[in-house]
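J.: how would this look folded up:
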Amino acid sequence: FDPAALAMAANKNPKLKEYMQDAKLMQTVNMLAQLGDTNQGMQQQMLMQMMQQDPRVLEVFMAMQGIDVNSMSPEDMAGMGGEGGDSMPSAAPTRAAPKKAEPPPPEDLRTPEQKEGDVFKGQGNELYKKKQFQEALDMYDKAIQKEPNDLTYYNNKNAVWVEMGKKDPEYLDKVMENCKDLVLRRYEINTANPGGASFEKVAKVFARMASVHERKLEFADAIEMYNKSLCEDNNRVVRTSLRELTKAKEKHEKESYIDPAKAEEHREKGNEYFK
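T.: This next block holds a predicted model:
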């Protein structure tokens, strides 16, 4: 800030000269000027507050920076006090904060075999989306040959078999056999390939078993498998599936009572109870 600039401005602007006679006003302006030497952010904040109390502060403050107040339009002056203070004058140009360097991508720790396995898995996923199920199974088998200790590849095969089970229930039996085998071998797999049988991956195996039980209307077994899945990984999707399954079970049980034979059976059981 340049006191000489203020004096020159006061010679051209009688209003500024009058302002300079106000000791309290000048004390405020000087305090703001000194604050800018150490903390410009605080200076801007204080200036905004002082302007609300006394608009003259802005005019004197600008004059100390060599800005000709008389050359500014009323719109410009109004803009200087707009919300946010983005247009407020600063004591010195501030440098833009340096951009933070983006963190480097995590190191790929996969073995060459695991990378090849993931390539086959990706190809299998694309074939699965196209409902080319047998071709998808072939790709997942190739992935397993490259890395036999990763539940993901086996679970993807289970997903294919579930779809094929819509036409042939025998595929659902294959899913259950495969899932039970994976659960039994989980620790062996995870020892050979840390993370290959992680909690999240084992949870998906249990959830797959639950979906097969649900399809067979084996509600109690399905609920048990969903709960086991949640013990491994408290997954939101699985929680939702469990809630929906519970509702479906209640609906199924209510509809069963509508069947005359079922209703008669339960009526007789009730009569026996109260005899």
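
J.: residues in contact with L217?
T.: Listed by C-beta atoms under 8 Å, 6 or more residues apart in numbering, the contact set of L217 reads H252. The C-beta positions use only the backbone N, C-alpha and C, and glycine is treated the same way.

J.: can you check R186 too?
T.: The contact partners of R186, taken as C-beta under 8 Å, 6+ apart, are L151, A197, V202.

J.: if you set the cut-off to 10 Å instead, what comes out?
T.: Contacts for R186 were tallied using C-beta atoms under 10 Å, 6 or more residues apart in numbering; they are L151, G196, A197, S198, F199, K201, V202, V205, E232.

J.: out of those, which are buried?
T.: L151, G196, A197, S198, K201, V202, V205, E232 (16 or more other C-beta atoms under 10 Å).

J.: and the fourth one, what is it in contact with?
T.: So the one you mean is S198. The neighbours of S198, taking C-beta under 10 Å, 6+ apart as the test, are D150, L151, T152, R186, I189, N190, K204, E232, D233.

J.: Relative to P103, which of the buried ones among the contacts of R186 is nearest.
T.: S198 (23.6 Å; C-beta to C-beta).

J.: how much space between the closest one and N155?
T.: Noted for S198: a distance of 12 Å to N155, by C-beta to C-beta, to the nearest Å.

J.: between these two, what contacts are shared?
T.: K204.

J.: Poorly predicted segments of the stretch 1-150 of the chain, please.
T.: Scanning the stretch 1-150 of the chain for pLDDT under 70 picks out the ranges 1-6, 10, 35-41, 43, 61, 63-98.

J.: all helices of it, in order?
T.: For the stretch 1-150 of the chain, the helices defined by DSSP state H, counting those that start in this stretch occupy 3-12, 14-19, 23-36, 40-53, 56-64, 74-80, 112-129, 133-146.

J.: mind listing what's buried in the longest one?
T.: Read that as helix 112-129. Under 16+ other C-beta under 10 Å, the buried positions of helix 112-129 are Q114, E116, G117, D118, F120, K121, Q123, G124, L127, Y128.

J.: The closest residue to the first one other than its chain neighbours: neighbour count?
T.: With C-beta to C-beta, 6 or more residues apart in numbering as the criterion, Q114 has its nearest non-adjacent residue at 4.8 Å, and that residue is E147. E147 is flanked by 22 other residues according to other C-beta atoms under 10 Å.

J.: And E147, how close does it get to G196?
T.: Between E147 and G196 the distance is 8 Å, computed by C-beta to C-beta.

J.: Find residues that contact each of the two.
T.: By C-beta under 10 Å, 6+ apart, the residues touching both E147 and G196 are Q114, Y153.

J.: which of the contacts of S198 lies closest to A7?
T.: Nearest member of these to A7, counting by C-beta to C-beta, is D233, at 73.9 Å.

J.: right, and the closest one touches Y226 too?
T.: No - judged on C-beta atoms under 10 Å, D233 makes no contact with Y226 at a distance of 11.7 Å.

J.: where do the contact lists of the two overlap?
T.: Common neighbours of D233 and Y226 (criterion: C-beta under 10 Å, 6+ apart): A203, F206, A207.

J.: Many thanks, I have nothing further to ask.
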